[in-house]
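Participant: The following block contains a protein sequence and its predicted model.
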Amino acid sequence: MNAKREPPEFRDLILKSAEGWEDARPFPDNGLNVSFVSGDPRSLSIRVRYYQKKSEKLFAGRAWFGPGAEGPPGYAHGGSQAALLDEGMGAVAWLSGHSVVAAKIEINFRIPLPLGTTLTVWGEIDRVEGRKVFTRGRIESDTGQIYADGTGLFIVIDPEEIKKRVKKA
């Protein structure tokens, strides 16, 4: 377990095979940068940097789980993993042109995720049925070990409606 190491800087969260990948900002910029998962590049819970490969409609993120994400001693809380998968699966929908919110996510925890681990979160669209966008995602080590995977149902919404609601709050 490498939880005692210094956390990686945001700029160092680089995709292993970076050829053809570019930095991605999946969600509209509201000027606040307040995402629970990816809003703070200096977070001691989760740090994540997103990438896309536009030519193949691929999405990935490099993430690190720190001491603020602890659940069982020395391991990431399942909720922190679910939050990363939720955001990753939603991000792939947004990057593909679907303004969505989550309606249902299902997460499978495969093995405990040690704190201090840097890994990759993958997301892809399974299918689109009208306003429903079905996605899949997984959290995977650099050696291919899957810590968690899941599926999501996201519903297309009007992004202008969300802006109106945010301004009222």
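Facilitator: Cool, got the structure. Numbering: from 1, shown residues only.
Participant: Against which helices or strands is the helix ranked longest in the chain packed?
Facilitator: In the chain, taking DSSP state H as the definition, the longest helix is helix 78-95. Counting contacts by 3 or more CB pairs under 8 Å, 6 or more residues apart in numbering; DSSP states H and E, helix 78-95 packs against strand 46-53, strand 58-65, strand 100-109, strand 118-129, strand 132-140, strand 146-156. Quick note: C-beta positions are derived from backbone N, CA and C, even for glycine.
Participant: Can you give the contact residues for the first one?
Facilitator: In this structure, residues lying in contact with strand 46-53 by CB atoms under 8 Å, 6 or more residues apart in numbering are 7-8, 10, 13-15, 18, 20-26, 37-38, 40-41, 58-66, 68-69, 80, 83-84, 87, 91, 95, 121.
Participant: Sheet-wise, list the partners of that strand with their directions.
Facilitator: Paired with strand 46-53 in the same sheet, following DSSP bridges, are strand 22-23 (antiparallel), strand 58-65 (antiparallel).
Participant: buried residues in stretch 91-98?
Facilitator: Within stretch 91-98, the residues that qualify as buried are 91-96, 98, counting by 16 or more other CB atoms under 10 Å.
Participant: and these as a markdown table, adding distance to residue 46?
Facilitator: Converted to a markdown table, those look like this (distance: CB to CB, whole Å):
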| residue | distance to residue 46 |
| --- | --- |
| 91 | 14 |
| 92 | 18 |
| 93 | 20 |
| 94 | 18 |
| 95 | 19 |
| 96 | 23 |
| 98 | 24 |
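Participant: Now do the same contact list for residue 58.
Facilitator: For residue 58, the contacting residues are 21, 52, 124, by CB under 8 Å, 6+ apart.
Participant: Out of those residues, grab the one that's most surrounded.
Facilitator: Comparing these by number of neighbours (other CB atoms under 10 Å), residue 52 comes first, having 23 neighbours.
Participant: Identify the residue nearest that residue in space, chain neighbours excluded?
Facilitator: Spatial nearest neighbour of residue 52, chain neighbours left out: residue 24 (4.0 Å); criterion: CB to CB, 6 or more residues apart in numbering.
Participant: what's around that neighbour, how many residues?
Facilitator: Each residue near residue 24 was counted by other CB under 10 Å, and the total is 19.
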